[in-house]
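**Student:** Build me a model from this:
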Amino acid sequence: MNKFLVLVFLIIVFSCNKAQKEETKSEDLIMVKQSEMAALMLSMYGVNQANKSLILKGEKPKHFPNQFFNIHTANLTEPSDRNEAFKAYSDFYLKNLQALYNTTDIDSLITKHNNVINSCITCHKTTCVGPIPKIKKLLIQ
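**Tutor:** You can find the predicted model right below:
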């Protein structure tokens, strides 16, 4: 009888311990909501990737993505990152992007595209360095 009680006790202890571990695992999987800026930058990446493909075919990008002006107002993951340097880098990016879309010289497309991408890299060197390797893939060699 004693062996039976010990066995039941051990089963109860181990099953409760397993339930606690499963509870902990589900807490670890909570997704953090993406910031407006993160979503905007993913969109920027996609547009710049499409532009790279067009330019490699010798074609000029056609429609300027006006939603990129939201770079000045989109909520950042870290609101304290919106400072004068961020504003200057954002303006520099938009200026380079407009130069790419406004060019009439097909021969300068690669240079202008790389200027856009390098403006992203320059900003990311000061804050949020993680995406730099991915951004560098957008450069045209």
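**Student:** Helices of the protein, residue ranges please.
**Tutor:** Using DSSP state H, the helices of the chain run over 2-28, 36-56, 84-102, 109-126, 132-136.
**Student:** Next, the contact list for the residue lying closest to S119 once chain neighbours are set aside, please.
**Tutor:** Spatially, and ignoring its direct neighbours in sequence, S119 is nearest to Y93 (4.4 Å; CB to CB, 6 or more residues apart in numbering). (Each C-beta comes from the backbone N, C-alpha and C, glycine too.) Under the criterion of CB atoms under 8 Å, 6 or more residues apart in numbering, the neighbours of Y93 are I71, V116, S119, C120, C123.
**Student:** Among those, name the buried ones.
**Tutor:** Among the contacts of Y93, those buried by neighbour count (16 or more other CB atoms under 10 Å) are I71, V116, S119, C120, C123.
**Student:** And the furthest pair within these?
**Tutor:** Greatest spatial distance among these (CB to CB): I71 and V116, at 12.8 Å.
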